[in-house]
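J.: Pasting the sequence and the predicted coordinates here, then a few questions.
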Amino acid sequence: MRLAKLSIRNFRNFQAIDVPLAGNVVLLGENRVGKSNLLFAVRLVLDPTLPDSARQLKLSDFWDGCDLAASPEIEVHLHFADFDDDAALVALLTDFRTAADPAVARLSYVYRKKPEVAGIPQSGEDCEFIVYGGGDESRAVSSRVRRRIALDMLDALRDAEGQLASWRNSPLRPLLEDAIASVSRADLDGVVADLEAATKRLENFPSVKALETALRSGILDLAGTAHDIDARLRFAPADPLRLFRAIALYIDNGRRGLAEASLGSANVALVALKLAEFAWRRAKNERNYSLLCIEEPEAHLHPQLQRAVFDKLFQSPDPAQALIVTSHSPTLAAAAPLRAIVQLRAAGGATRAYSLASLPVSPDELDDIEQYLTATRSELLFSRGVIFVEGDAEETLLPVFADAIGHNLDRLGISICNVAGIHFEPYVKLAASLGLPFSVITDWDPLDGAKPPLGKARTLGIWDAYCTVTGTAPLTPEQRAQWQAADFAGFSAGWRQAGIFLNDQTFEIAVANTPGLQAALLDILEEQGFGAIRKARIAAWRAGAPVDPAQLLAMVADIGKGRLSAKLKKKLAWNLAPPAYVAGAVGYVAARV
Amino acid sequence: MSNHLALVRALVDLAGNPEQADAVRERGHCVVLAGPGSGKTKTLTTAMARALVEDVVDPRGVACITYNNECAIELENRLAALGVLSSDRNFIGTVHSFALTQVIMPYARCFPGLLPADFRVATTAQRRAAVESAYLAVFNDRFDPHDRWSFAEEKRRRDVDRSLPAWRGINPELADFIEAYEAELRRRGLIDFDDMPLIAFGMIKAHRWIRAALQARFPVLFVDEYQDLGHALHELVLLLCFDGGMRLFAVGDGDQSIYGFTGANPKLLQSLAARPDVREIRLRFNYRSGARIIRASLGALGEERDYRGLDGAPEGELTFYPVMGGHDAQAAAIAETVLPALLARGHPPEQIAILYRAAWLGDKISHALNGRGVAHVRTDGNALIKRSSRLARFVEGCAGWVTGGWREADPPYGRLLAQALALVYGGRASDAEQETVSRQLIAFLRSSIDAGETTHTWLQRLCRELVAPWRVLARNPQQEWEICSEMVVKTDPAQDKDMPLNVFSGRIEGTGPLSLSTLHSAKGREFDAVILYGMNASDIPSNRDRKSAGALREARRLFYVGVTRPRKELAIVYQEGHHSPWVAELYQRSQQG
C-alpha cells in the first residue's frame, strides 16, 4: 500500500492544497511555512495515540483567511492506493473506497460548526470533528482501523535518550517483553539467583553497606515505619518478571550507557528501534501498516551518517510501511527518491505545496535528474529560483555577470543549473513542478542557414514541457506555425516574456561580441602569469583569432571562479555590461523570487 | 475476539461424534448434510469459532449467511456464547442483508447510474404499484397484473444470471415485464428485496475486484439452511467460492426444504455436495428424538434414511387423536384433551408446541386456548411479535427492559441501543447521531418503568416518541417502521386484544408460555412435546399441493419438518376418517423395527 494523495482545506497555513504523493514523503520548506502543521493534519486522520481532545481543534486552527461567518470546514483527506494485494488491508479499507476510483481508499477528518449552532461560532466548542472514510460521512473510521494502520511520530524536539531510557515509552519494551517471554521460568530464576549473589557481594562491601543503611534510615526517618518502603541498593529487581526491565541498551561493547552516546547515535538507535518495533507489531498481528513521521531526522547527524541512514530508510522495499520526514538537509534531499519530494512555499498568506510525485518524466530522465541532484547540487531543491544553462562557460560566468548588474545570486537564493547539453525539458519540468521561477539561457544555433535554427525547436520543446506540468494551455498549431516562421529578432523578443533567453549565435561568441567584455577577460587572464603557450594563445585572441572556448574555460578554471568574478566585477563596474540576453535572464528570475 | 476456552470446550463436546468433529476441522470446501436433531447448528457455530481462532487472522473475518433474521438472531446468540460477536470483523445475517450491506452499500456508488442515490427499499404498496404500471406498459390487457407477476417473480428468482440464453430464450414477455418493473422501481428511487442479491450478483460477476475485496474480508463463507436459500444465493456462492477464492462451509438438509415459493430448491444443495472439489459430510446421529419418533418421521417423509438415535435413549411417545369435526372441533379437542394430557405427563408448557399449516389456524387455536386461559406465544404471520422482524424483536426487548429487565441488565441497555442504531442508521452513525438516539431511547424507557401502561398504550407512546422521530432520521434503506403501528392495531382493547406489558414481554412469574407456530416457522426449533393440529386429508396435502409433483413433495417435507420437532412426544390431531395419507404411512413405519 502507498499514500497516494493528501488534501487539506482551511487548516492553519493551508487554504487548499492537493498533494499527489508517491509513498514516502520528504517535506522541504523554509521555517514557519507549515511542515509540522502538515504532519499534524495527517495525524488528525491516522494517529491512534492522539486523544479526542486534541482532535477537537480550536477556532484559531482555521486558516487565517477564513471567513467564520461562511461556516468554513477544516478538511484533511488522505488517499491510499495499491492495497488490493494485501488481504488484511483490504479488509480494513474496502468500505472506504472512493466512488470515483475503487482502487483508492480515502480517510478523512473534518472539523466544522455544529449543525445546532446558529450564527458565527464563538469558540472551538461550537464546532465538532468527524473522522470518516470513502467520502461518506456515515462511514466512521473505527479505532480498530487507526490501530492497524497506525502513525508514529518522532517530533523535532524529541528526546531520544529520554525515550530510550523510560520503560513505558521505550520502543525496546515490546521487543524485550517478547524475547523474555520465551525464556523458561527456571532459567529466569537462575539469573535472579546469580544477580542476588552479585547483589549480596555488593552489599558486603562496607562502604556500600554503610550507604544503604544511611539511605534506609533517612527514609525511615522521614516516613515513619508505617510507610517504610524497604529500600535496597540492587543491580536489578528481584522479581523475575520485572527483572528484564533493568535491561538496557549499552554502546561501545557494553562499556557505556546510551545516555553517554552522542545525540546523533541516540537518534539513529531510536529510529532503528522504532523500525524494529513496527516489524514486531506486524509479526504479532497488532498492526498492518505503519507510517513513521520524523521531523528533521538529520538532527545531530554528520552528512556521511545521514546519507547512510537515509539510503537505508528510503530504499526499504517494505510495502507495509512508509516514511514522512521534514527536513532542511540537502544531503537527505539528495538521498531521497525524487518523487518523494514535496516542497512547501508560502505565497500570499497561504502555503502552497509542490509535489514531484507525478513529475511527467521518463525513467531515464528521472535517473538523470537524481544523478544531477548529488549532495552538492541538491540546493536546487531549496532555492527560490533557477537559471538553466547549457554548459560550464555559462555556469562559470553567470554569477559574475549577475554580480555586475547588482544581483547576488547566492543571496537571492537563485541556483544555476547546468544541464550539460541542450536537454532542458526534464529540468524545466522539475522547476515548474516545484513552483520555482526560472529562466533558460540557450543558443540560437543557426547552423548553415539552410535548415531552421536548432534553438527554435528547443524553445518550443521547453515551453511544451512547462505546459505539461503547469496545466497551461499548449500552443495551438497556428501559433506554432507563426513561431516557426518568425526571425531571430521576433522569436527571441517573444520568448523573453516566457523566460527563455536566446543569443543569435553561441554563448562564447556572444561574450566575444559584447563591447569591452572580451578585452576585460583577456586582461585578467594575462595578469595570471601563465606559461608561454597560453600567453601566445591570449595574444592571438587579442589579435582577432577566434577564441577556442575549451582553452578559455581551462584558463578560467585555473584562476578559480570566485577570483575571476571578483576581478571581473572590478573591471565591469566601470562601464561594462554582460550580454543583454544574459542580463535579461538574470533579471527575469531576480524579479520573481 | 473469540473465547478460546469456550471453543476448546465446544471441540471436546464434539469429540464423541467423528462426523461433527471432521466437519469442524475441515479446511477445504465442505457441505454438511444434516438430518433433524443432528446438531447442525452446533457444528456450524463451532466450525465458525474454530476458523476464527485457527484459520482467519484479524482483521479478516468470516461471513455467515442464513435464511431469515430469526435464524440470524438465533445464530448470533449461539455464537456469542462461543465468544464470536457480530462485529466489524464478522458478518452474520440474511443473504439480503449480505447483498445490501457488504456489496451494494459500499460499492454501488462506484458505478454511476447503477442505482439511484439514496435508494430505499420499496414497501408492499410501492411494489404493487410498480407491478401495475409495468403491466400496463408491457401487456396492457384486462387480466390481473399480480397473477401474471407471480410467474414473473418465479422467473426473476430462478434466472439469476441474465447474460444466459434462458433469460430471453424462455418467456421473453416475462423478462420484459420484470425489466419494466425494475425500471419503474428505480425511477422512484427504490429497490425491492429480490433486487438485493440480484444486483449484488451482477456487480460481483462483472467486477473481479469486488470478489477479491469480499474474499479479503471474509476468507470463509458459512451458509446455514442452504436448502432454503434459493438460486440467487446459490449463484453467489458459486461465484464467491468457486471463482473467487472463498472457502465454503454449508449446512443443510434437502429433506427440510420448504421454501419453494421463495425460489428455494433442494437440488441446489445436492449439486453442491456432488462437486468433486467439495467434501460431503453426513451427520447421521439424531440427538433429539426417540427411536419411535425417528421411525415415524421416515414414514412421514416417505423415504428411508440411515438416521440413528442415541443408544439407550427412550423410545418416545406417539399418540393419534382423531376428532369428530373440522378445524374448530380439533382446536377445542386440543385445548380440552390433548394439551391437559401432555401437561399431566409432566411436560412444562414452554416445552410444548402446537404446530399447524397457516396463520388462520393459529387464530382458531389461539381462540380456543384463550377460552381456557392458557398463556401462549405465537410465531406465525399473525403473531403479535414478528419473529423475523428486527424492529419487533427490538420492541420486545424494550418491553422486557421496562418490565424489570433494567434491574439485572437483561437485556443490557447497550444492546437495545445498538439495535436502535442499526434500525435507524444501518449500523454506522456519528457520535452526535448516536447521542441523539440514545437520549430519546433512554428517556422513553425510563418514563415507561412502573408507568402502569397496558401494552396498547405503551406501544402507542413508542410509536409517537421513538418511531416518529426515527422515521425522519432513518438512513437505513431497509425499513419496517409500519410493523410498530401494526402491533398497536393487534393490541386494540376495543377488540379485547390488549394485555399487561409483562405478558407482552413474556416476563411472567412461574411457568413460561406455550408455543404456537406454523410448520414453516417451527423449522430449526425443538420441543419436548409437539401437537400437530389439522393433519387432515384436505389440508396436508391441499388441493393446491396436488397440482404439481414438486409442490406435493414440498408439502410432504413440511409435514416431515413438523414430525421431527419433538424430543419425547408427538401428538397428531386430525378429523376422524379424514386423516392425511401421510399420517397413515407414518403410523405404519412407526410400527416397524
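T.: Perfect, I can see it now. Residues are numbered from 1 along each chain as shown, chains lettered A, B, ... in the order given.
J.: Can you tell me the SS state at the residue of the stretch 201-350 of chain A found nearest chain B?
T.: Closest approach between the stretch 201-350 of chain A and chain B, counting by Cβ to the nearest Cβ: A:N285, at 5.9 Å. No exception for glycine: its C-beta is placed from N, CA and C like everyone else's. When classified by DSSP: H, G, I helix; E, B strand; the rest coil, A:N285 comes out as coil.
J.: what's the closest non-adjacent residue to the residue in chain B that chain A sits nearest to?
T.: Distances between chain B and chain A by Cβ to the nearest Cβ are smallest at B:A216, namely 3.4 Å. Spatially, and ignoring its direct neighbours in sequence, B:A216 is nearest to A:V90 (3.4 Å; Cβ to Cβ, 6 or more residues apart in numbering or on different chains).
J.: Now for the residue of the stretch 201-350 of chain A closest to chain B: which residues touch it?
T.: B:V57, B:D58 (Cβ atoms under 8 Å, 6 or more residues apart in numbering or on different chains).
J.: helix or strand right after the helix or strand where the residue nearest to B:A216 lies?
T.: Assigned by DSSP states H and E, A:V90 belongs to helix A:87-93. Downstream of helix A:87-93, the first helix or strand assigned by DSSP H and E is strand A:105-113.
J.: Which neighbouring elements make contact with that next one?
T.: helix A:35-46, strand A:74-81, strand A:127-133 (3 or more Cβ pairs under 8 Å, 6 or more residues apart in numbering or on different chains; DSSP states H and E).
J.: Which of those sits closest to chain B?
T.: Nearest of the helices and strands packed on strand A:105-113 (Cβ to the nearest Cβ): strand A:127-133, 5.5 Å.
J.: which other helices and strands contact the host helix or strand of B:F98?
T.: Element membership for B:F98 (DSSP H and E) is helix B:95-98. With contacts defined as 3+ Cβ pairs under 8 Å, 6+ apart, the packing partners of helix B:95-98 are strand B:62-66, helix B:195-206, helix B:230-242.
J.: For the helix or strand following the last one, give me every contacting residue.
T.: Toward the C-terminus, helix B:230-242 is succeeded by strand B:247-252 as the next helix or strand (DSSP H and E). By Cβ under 8 Å, 6+ apart, the list of residues contacting strand B:247-252 from outside reads B:23, B:26-34, B:40-41, B:43-44, B:47-48, B:51, B:219-228, B:237, B:241, B:269, B:272, B:278.
J.: buried subset of those residues?
T.: Neighbour-count burial within the contacts of strand B:247-252 applies to B:23, B:26, B:29-34, B:40-41, B:43-44, B:47-48, B:51, B:219-228, B:237, B:241, B:269, B:272, B:278; the criterion is 16 or more other Cβ atoms under 10 Å in any protein chain shown.
J.: Helices - which of those residues land there?
T.: Secondary structure assignment (DSSP state H) places B:A23, B:K40, B:T41, B:T43, B:L44, B:A47, B:M48, B:V237, B:C241, B:L269, B:L272 from the buried ones among the contacts of strand B:247-252 within helices.
J.: Identify the farthest-apart pair in those.
T.: Pairwise distances across those (Cβ to Cβ) peak at 20.9 Å, for the pair B:T41 and B:C241.
J.: where does chain A have its least confident helix or strand?
T.: helix A:561-575 (a mean of 68; mean pLDDT, DSSP states H and E).
J.: And for stretch A:456-466, what's in contact with it?
T.: Contacts for stretch A:456-466 (Cβ under 8 Å, 6+ apart): A:422, A:424-426, A:428-429, A:432, A:440, A:442, A:445, A:472, A:474-475, A:480, A:483-484, A:491, A:495, A:498, A:500, A:502.
J.: Please state the offset of it from the chain centre?
T.: 29 Å (Cα atoms, centre = their mean, to the nearest Å).
J.: What of stretch B:398-409?
T.: That offset, for stretch B:398-409, works out to 26 Å (Cα atoms, centre = their mean).
J.: Stretch A:372-387 too?
T.: Counting by Cα atoms, centre = their mean, stretch A:372-387 comes out at 12 Å from the chain centroid.
J.: Pull out the buried residues from that stretch.
T.: Buried residues in stretch A:372-387 (16+ other Cβ under 10 Å): A:372-373, A:375, A:377-378, A:380-387.
J.: now stretch B:552-562
T.: For stretch B:552-562, by 16+ other Cβ under 10 Å, it's B:R553, B:E554, B:A555, B:R556, B:R557, B:L558, B:F559, B:Y560, B:V561, B:G562.
J.: Stretch A:529-539 too?
T.: For stretch A:529-539, the neighbour count (16+ other Cβ under 10 Å) marks A:F530, A:R534, A:R537, A:I538 as buried.
J.: now do stretch A:551-562
T.: Per 16+ other Cβ under 10 Å, stretch A:551-562 contains these buried residues: A:L552, A:L553, A:M555, A:V556, A:I559.
J.: hang on, the earlier thing: tabulate the buried residues of stretch B:552-562 (CSV), appending distance to B:P116.
T.: What follows is the buried residues of stretch B:552-562, written out as CSV (distance: Cβ to Cβ, whole Å):
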residue, distance to B:P116
B:R553, 41
B:E554, 37
B:A555, 41
B:R556, 44
B:R557, 40
B:L558, 39
B:F559, 44
B:Y560, 44
B:V561, 40
B:G562, 44
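J.: Most widely separated two among those?
T.: Checking the buried residues of stretch B:552-562 with Cβ to Cβ, the most distant pair is B:R553 and B:G562, at 15.5 Å.
J.: what's the nearest residue to A:R282 if we skip its chain neighbours?
T.: With Cβ to Cβ, 6+ apart as the criterion, A:R282 has its nearest non-adjacent residue at 6.1 Å, and that residue is A:A320.
J.: Confirm for me that the one you found is in contact with A:F83.
T.: No - taking contacts as Cβ atoms under 8 Å, A:A320 lies outside contact range of A:F83: 10.2 Å.
J.: For these two, indicate the residue with more neighbours.
T.: Set side by side, A:A320 and A:F83 show more neighbours around A:F83, with 25 against 16, by other Cβ atoms under 10 Å in any protein chain shown.
J.: what pLDDT does residue 269 get?
T.: Reading this off chain A. At A:A269, the model reports a pLDDT of 82.
J.: meant chain B, my bad for not saying
T.: 94.
J.: And B:H347, by the same measure?
T.: Looking at B:H347, its pLDDT reads 93.
J.: That one: neighbouring residues, count only.
T.: 20.
J.: Secondary structure element for the closest residue to A:F244 other than its chain neighbours, which one?
T.: For A:F244, ignoring the flanking residues on the chain, the nearest one in space by Cβ to Cβ, 6+ apart is A:I180 at 4.4 Å. Using DSSP H and E, A:I180 sits within helix A:172-181.
J.: Now do the buried residues in that helix.
T.: A:L172, A:R173, A:L175, A:L176.
J.: Write out the residues of the stretch 251-400 of chain A neighbouring chain B.
T.: Applying Cβ under 8 Å from any Cβ of the partner chain, one finds that the stretch 251-400 of chain A approaches chain B through A:N285, A:N288.
J.: if we go to 6 Å?
T.: Proximity of the stretch 251-400 of chain A to chain B, by Cβ under 6 Å from any Cβ of the partner chain, involves residues A:N285.
J.: Output the below-cut-off pLDDT ranges for the stretch 251-400 of chain A.
T.: Applying pLDDT under 70 to the stretch 251-400 of chain A picks out residues A:375-376.
J.: rerun at 50
T.: Along the stretch 251-400 of chain A, no part satisfies pLDDT under 50.
J.: Can you give me the neighbour number for B:N140?
T.: B:N140 has 7 nearby residues by other Cβ under 10 Å.
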